[in-house]
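Trainee: 3D, please:
(4 chains)
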4 protein chains.
Amino acid sequence: MIRVGIVGGTGYTGVELLRLLAQHPHVELMAITSRKEDGMPVAEMFPSLRGRVALTFTDPASAPLAQCDAVFFATPHGVAMEQARELLAKGVKVIDLAADFRLKDPAEFERWYKTPHTCTDLLAEAVYGLPEVNRDAIRAACLIGLPGCYPTSVQLGLLPVLEHGGLIDTSSLIADCKSGVSGAGRKAEVPILLAEAGDNFKAYSVGGHRHWPEITQGLKAIAATAGKAQGANDLRITFVPHLTPMIRGIHSTLYARVLSHAQGFDFQKLYEERYAAEPFVDVLPAGSHPETRSVRASNFVRIALHRPPESDLLVILVVEDNLVKGASGQAVQVMNIMFGLPETAGLGHVPVLP
Amino acid sequence: MIRVGIVGGTGYTGVELLRLLAQHPHVELMAITSRKEDGMPVAEMFPSLRGRVALTFTDPASAPLAQCDAVFFATPHGVAMEQARELLAKGVKVIDLAADFRLKDPAEFERWYKTPHTCTDLLAEAVYGLPEVNRDAIRAACLIGLPGCYPTSVQLGLLPVLEHGGLIDTSSLIADCKSGVSGAGRKAEVPILLAEAGDNFKAYSVGGHRHWPEITQGLKAIAATAGKAQGANDLRITFVPHLTPMIRGIHSTLYARVLSHAQGFDFQKLYEERYAAEPFVDVLPAGSHPETRSVRASNFVRIALHRPPESDLLVILVVEDNLVKGASGQAVQVMNIMFGLPETAGLGHVPVLP
Amino acid sequence: MIRVGIVGGTGYTGVELLRLLAQHPHVELMAITSRKEDGMPVAEMFPSLRGRVALTFTDPASAPLAQCDAVFFATPHGVAMEQARELLAKGVKVIDLAADFRLKDPAEFERWYKTPHTCTDLLAEAVYGLPEVNRDAIRAACLIGLPGCYPTSVQLGLLPVLEHGGLIDTSSLIADCKSGVSGAGRKAEVPILLAEAGDNFKAYSVGGHRHWPEITQGLKAIAATAGKAQGANDLRITFVPHLTPMIRGIHSTLYARVLSHAQGFDFQKLYEERYAAEPFVDVLPAGSHPETRSVRASNFVRIALHRPPESDLLVILVVEDNLVKGASGQAVQVMNIMFGLPETAGLGHVPVLP
Amino acid sequence: MIRVGIVGGTGYTGVELLRLLAQHPHVELMAITSRKEDGMPVAEMFPSLRGRVALTFTDPASAPLAQCDAVFFATPHGVAMEQARELLAKGVKVIDLAADFRLKDPAEFERWYKTPHTCTDLLAEAVYGLPEVNRDAIRAACLIGLPGCYPTSVQLGLLPVLEHGGLIDTSSLIADCKSGVSGAGRKAEVPILLAEAGDNFKAYSVGGHRHWPEITQGLKAIAATAGKAQGANDLRITFVPHLTPMIRGIHSTLYARVLSHAQGFDFQKLYEERYAAEPFVDVLPAGSHPETRSVRASNFVRIALHRPPESDLLVILVVEDNLVKGASGQAVQVMNIMFGLPETAGLGHVPVLP
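Mentor: From the prediction side, this is the model:
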């Protein structure tokens, strides 16, 4: 049994980790920390866990994190980079669901998160936890920077075509993404009240969202790894996130201009072959329209490809549950890989529909 | 492994059965029938099942139902009573999720469902599938009439106080119930469109709902079994169902007038003791307000008791997922009992929150 | 033209007042105050008002409130009782949408609002602003305590039967009420986030809600005014509010036990006659099920009566828009009465459906 | 007073027309037709109209349409082209909210609507009812083909930049549009049930939507009128519509590649100047994120412009209420123009927020 601790379990990624780990056959939940809620049973804050999770929030100071095999940080950014070093020194593997170990360039981190990176040596050895791209590196890693919710869907949507290279104009990519409000976290803020965000739709952060540099970094890395340095260098993507009145789910609509010599290319086959062995990426038949609810509460990503009429665009539709494959489910998948467990252990949930 | 067939799998209780049974450790899915969709993979109609359920809809005529150990009817009323006899004759256990085997009095059935009961001998031996009331009878049964969604919540909410007897005025009960729209089924009808039922709230069928005679029959049976014949005879309940703009979930608010000599009675203790050994009924601390999402996609029922100020009423709040404990989950629970499996097998889902 | 000021316009009742008053033919908007947002155009906070309302938030200290004919307080409780005296002294009529002038007994106010009432002399002369009950007193009033959203629907639902007297058991009334989340205000609080309150249903404050003493006071007053002192003295109502996942709307389901001699009484006729001349109270045909959306964004209340089968209960269904007839619309109606305008002026909106 | 008739009033554009026209100061509602509901008061089908609209549905055969000044067709496509000729012959002005008179090329109509156009002579003289483009032609018109909901938002979003010419690459436009479900109409269909479309997001008709040829035709006409024949000829737009879980509202996110010489162009100024005199088109400050609710139940369109970082794209955000400016409100605006009324008559509604 893997002994697991969670730092910061009062948000949505925390409660989702608890949901998944409580049903995981190879995991023993050891501790969940919260300075503010020290002593409160987690099931008191989240009655959905009554009868399933007996843990009590513990102050981080006294939590037995060092005795865990793995610790998840389900905290705001800035926490993991302060605490990871000590845990790693004691042999604990660390998976950060926040942003501390995503961006490889500390200057970029500082630019977007408005705080200096205090742990740049660890940053250099951290592995970006996207299994479909980095499975081998994850297997050997001690420290994981888990991808953000939007970046997971955008990278998985573009991975096959970027890896292949030479098919699309990488300098003019567009990601028009729509997220449910749980992506904004369990925070007391007016714009995500039901009376504000309900029956309403809007874009936000079009001028610059923190996931944009992460997406760009990830796509460039994919193109470069595949030996498409040229495609990588001039890769540019415009990212427009939107808030949609639902709880869970991200739908990314990706636009890539197909190069003229590749207009007849069989993209459907490329995607099906690339993902044939991936347990959580499902390529739908050509012309399908994936729904976010078709992955609700599961670790699946579903992808469909379109070539609209009289258009030189490849349109890629990607759906994921932002709290599962976009966060806590991916964290469990990564843990499974790090500990040599079956990659799908504890992640066999059938999506909840309706 | 229990070999299982499903008749009529294109509705919500059907797809929910598939979700639960696909993850059940002791079940092999053998067949799912649909006359209209013969030959279509179920995962084509419900993409949420892609990669998890490989079954194809079969015409009932050619489906291997007779080779199953158990067959679930997830059909409209009227189907099970036509087909159950043949299956039972071949030793197949039958669980009807519709109304054919709920009401013990064929005249009542005909009055509420506007069609004669064509199978009254089987009706006499059918067992009402509410485990918390009828566990022993279920264990020995071959034919189950599964409770409706509203009746499950109302009966579980009143069970302890009725069984005890002598505490409340059984002639003036009120059940003010609120249901998500999946309770109306997967039917193309204008009033349950998102543009009609969304951001909207209303009562319906106040003049008489089909679940009302079932609730009355169930409550009378509980009172009578407990030797409270008097309470049973004059038992009367007013049932007002409402449609609430959500997908899953029933919240029943029950009002019972406490008899004057019982004003000081410890109802909280009564409920906690009655349900202490029940795996799926959770009595919350006194004064709690259970939320429907705290049981979403799980087989739990959660109950809380209140004694409002300056009131002689006991107010009982009950939440369930209408598609799980209110239908398909309860069906699986009943199947587990009938086949001597652990009662919680395949039902360990942690509720999905948020 | 009536010159109007609004104190505290950053909440939902404030922006709704602006919506209604901006279209009112006899009103000139003079000032809207907010200490925090001094200098910000209201249309910047509420883009829905762009092109329709040119006002800017002003600090209360410098706002020309004393030059208004009427001032609305769309503030939390406790503000109006500090500022009303000065305005009244200058001849300004004051309408408080909060709770300061609702409860006639200062001790009750203190008990429920946890703060002493600092203005008890004005409280004594304040008029409770429910036009269907108090129209004449409102006409002569200078200071209005406007009813709460729940109390409006409950009182209008029970008014005809209480006024008549001798028909129902007034000691065992029940109000099972369901409200959209805008009733909780525009406040940054976790439980009313879309990701918390969406696709979810729960009761709250069953142990005691601030609107309960107001409802009780109002119903007793109605019974007493009608010379039914006996009905008034022992009048008791159990009030159970629920949160439903929608933005606007209250649906109150009221239960009253019909006295045995009145079982055959024509309640439908009583209600139709009582409300025949009321411009905003609509009695539906017997057996109807009013929907909250049928009054959305309008000042209507719709009521339907039911006598369920085998029940001695009268069930009364009442819908209102909590922000209009439950708050800002009623405030405008009251203002119209106070200033001798047509009572429906500026309130002719057709409900928005769908 | 303009005497007005409505053909086919049982859908959402019909009831919205009634809402708007019932409050219009210069309109007298004469007739509303429905073969199926002949004799039923409209307020029985739509209780929101009780006390405001006294009309009864009439069979088209006996409705006094020929005595009207204007008749609106709120019908499915195919109806107006059968009945318009007779009305026009009697001097009645006709406004078709469906698709019969939108596409100028009968072959295109037949291709997309799978039925021959039976009225091609009238089609030739019909005016496309987009006031911001065609105001003068509308003033003189007898027959209007009203724009679709998506085309209205896309054309208004691109109008200034296309009229100006020479700023963007017109061969690679993208319209990523998101609509509430009322856009699908009041039809009993499974995919738009609350239990299907709620808490869910998906694209649809990516392979070809009926509004795509209309959008293309409209944009080409704009470019051509402005003497940009070259821009018009090669104009191509990729249109991807999505269904979002809300009732009303369209959010269009438009992407246009800025030509290299125009990278420093002041698009904000262009849009503000172009729309300065338009009563219903509101250009927000640069960098804003318009919300659909900011125009809910009103005839406004709001537009915001963005130049995302490191991108050569102009991103245009457009919101409208699909039932108002996207249908019935625009129809009233067009009627006002045709009859020489103030263009904003009956359209002064302040958007409903929250």
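Trainee: which bits of the stretch 151-300 of chain A sit near chain D?
Mentor: A:172, A:174, A:176, A:178, A:180, A:195-196, A:198-204, A:206-208, A:212, A:236, A:238-240, A:242, A:244-249, A:251, A:253, A:255, A:257, A:287, A:289-293, A:296 (C-beta under 8 Å from any C-beta of the partner chain). For every residue, glycine as well, the C-beta is placed using N, CA and C.
Trainee: if we go to 6 Å?
Mentor: Proximity of the stretch 151-300 of chain A to chain D is confined to A:174, A:176, A:178, A:195, A:199-204, A:206-208, A:236, A:238, A:240, A:244-247, A:249, A:251, A:253, A:255, A:287, A:289, A:291-293 under the rule C-beta under 6 Å from any C-beta of the partner chain.
Trainee: Narrow these to those in helices?
Mentor: A:Ala195 (DSSP state H).
Trainee: Which ones among the residues of the stretch 151-300 of chain A next to chain D lie within strands?
Mentor: Among these, DSSP state E puts A:Ile174, A:Asp176, A:Lys178, A:Lys202, A:Ala203, A:Thr238, A:Val240, A:His251, A:Thr253, A:Tyr255 in strands.
Trainee: okay, the residues you listed in CSV with distance to chain C and pLDDT next?
Mentor: What follows is these, written out as CSV (distance: C-beta to the nearest C-beta, whole Å; pLDDT from 0 to 100):
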residue, distance to chain C, pLDDT
A:Ile174, 26, 98
A:Asp176, 21, 98
A:Lys178, 14, 98
A:Lys202, 10, 98
A:Ala203, 14, 98
A:Thr238, 24, 98
A:Val240, 19, 98
A:His251, 17, 98
A:Thr253, 22, 98
A:Tyr255, 28, 98
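Trainee: which of the residues you listed sit farthest apart?
Mentor: A:Lys202 and A:Tyr255 (20.3 Å; C-beta to C-beta).
Trainee: What are the boundaries of the helices in the stretch 251-354 of chain A?
Mentor: Using DSSP state H, counting those that start in this stretch, the helices of the stretch 251-354 of chain A run over A:267-274, A:329-338.
Trainee: Name the residues of the shortest one that come out as buried.
Mentor: Put plainly, it is helix A:267-274. Within helix A:267-274, the residues that qualify as buried are A:Phe267, A:Gln268, A:Leu270, A:Tyr271, A:Glu272, A:Arg274, counting by 16 or more other C-beta atoms under 10 Å in any protein chain shown.
Trainee: Just send those back as CSV, with distance to C:Ala107 too.
Mentor: Formatted as CSV, those follow (distance: C-beta to C-beta, whole Å):
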residue, distance to C:Ala107
A:Phe267, 75
A:Gln268, 75
A:Leu270, 77
A:Tyr271, 72
A:Glu272, 74
A:Arg274, 74
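Trainee: Among the residues you listed, find me the one that's closest to A:Val27.
Mentor: A:Arg274 (30.2 Å).
Trainee: My guess is the closest one contacts A:Leu162. True?
Mentor: No: judged on C-beta atoms under 6 Å, A:Arg274 makes no contact with A:Leu162 at a distance of 10.6 Å.
Trainee: Just list the residues touching A:Ala203, thanks.
Mentor: Residues counted as contacts of A:Ala203 (C-beta atoms under 6 Å, 6 or more residues apart in numbering or on different chains) are A:Val240, A:His242, D:His289, D:Leu317.
Trainee: Can you tell me who it pairs with across the strands?
Mentor: Following DSSP bridges, A:Ala203 is listed with bridge partners A:His242.
Trainee: Next one: it from A:Thr244, what distance?
Mentor: Computed as C-beta to C-beta, to the nearest Å, the A:Ala203 to A:Thr244 distance reads 10 Å.
Trainee: and what of A:Ile174?
Mentor: 18 Å.
Trainee: ok, those two, which is more surrounded?
Mentor: A:Thr244 (27 against 24; other C-beta atoms under 10 Å in any protein chain shown).
Trainee: Can you give me every residue that contacts the closest residue to the more buried one other than its chain neighbours?
Mentor: Once flanking residues are discounted, A:Thr244 sits nearest to A:Lys178: 4.6 Å by C-beta to C-beta, 6 or more residues apart in numbering or on different chains. Taking C-beta under 6 Å, 6+ apart as the criterion, A:Lys178 is in contact with A:His242, A:Thr244, A:His251, D:Phe201.
Trainee: could the residues you listed go into CSV alongside distance to D:Ser311?
Mentor: CSV is the format used below for these (distance: C-beta to C-beta, whole Å):
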residue, distance to D:Ser311
A:His242, 17
A:Thr244, 23
A:His251, 21
D:Phe201, 24
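Trainee: Next one: the residue lying closest to A:Leu173 once chain neighbours are set aside, what pLDDT does it get?
Mentor: Using C-beta to C-beta, 6+ apart and skipping the chain neighbours, the partner closest in space to A:Leu173 is A:Ile237 (4.0 Å). Looking at A:Ile237, its pLDDT is 98.
Trainee: burial measure for A:Ile237, as a count.
Mentor: 24.
Trainee: cool, A:Ala107 as well?
Mentor: Residues near A:Ala107, counting by other C-beta under 10 Å: 10.
Trainee: Name the residues of the strand or helix carrying it that come out as buried.
Mentor: Assigned by DSSP states H and E, A:Ala107 falls within helix A:106-113. By neighbour count on 16+ other C-beta under 10 Å, the buried set for helix A:106-113 is A:Glu108, A:Phe109, A:Trp112, A:Tyr113.
Trainee: same thing with stretch A:70-83?
Mentor: A:Ala70, A:Val71, A:Phe72, A:Phe73, A:Ala74, A:Thr75, A:His77, A:Val79, A:Ala80, A:Met81, A:Gln83.
Trainee: Correct me if wrong: the second one contacts A:Pro60.
Mentor: No: taking contacts as C-beta under 6 Å, A:Val71 lies outside contact range of A:Pro60: 10.6 Å.
Trainee: what's the spacing between the residue nearest to A:Leu173 and chain C?
Mentor: According to C-beta to the nearest C-beta, to the nearest Å, A:Ile237 and chain C sit 28 Å apart.
Trainee: Next: A:Asp312.
Mentor: Taking C-beta to the nearest C-beta, one finds A:Asp312 at 37 Å from chain C.
Trainee: Could you do A:Pro147 as well?
Mentor: 21 Å.
Trainee: Output the ones in strands among the residues of the stretch 151-300 of chain A next to chain D as JSON lines; include the columns distance to D:Glu44.
Mentor: Putting those into JSON lines (distance: C-beta to C-beta, whole Å) gives the following:
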{"residue": "A:Ile174", "distance to D:Glu44": "49"}
{"residue": "A:Asp176", "distance to D:Glu44": "43"}
{"residue": "A:Lys178", "distance to D:Glu44": "38"}
{"residue": "A:Lys202", "distance to D:Glu44": "37"}
{"residue": "A:Ala203", "distance to D:Glu44": "41"}
{"residue": "A:Thr238", "distance to D:Glu44": "51"}
{"residue": "A:Val240", "distance to D:Glu44": "45"}
{"residue": "A:His251", "distance to D:Glu44": "39"}
{"residue": "A:Thr253", "distance to D:Glu44": "42"}
{"residue": "A:Tyr255", "distance to D:Glu44": "48"}
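Trainee: between those, which is nearest C:Gly166?
Mentor: A:Lys202 (55.6 Å).
Trainee: With the flanking residues excluded, which residue is spatially nearest to that closest one?
Mentor: D:Glu291 (4.2 Å).
Trainee: How many neighbouring residues does that neighbour have?
Mentor: So D:Glu291, with other C-beta under 10 Å, has 26 neighbours.
Trainee: One more: A:Thr253?
Mentor: Using other C-beta under 10 Å, A:Thr253 has 25 neighbouring residues.
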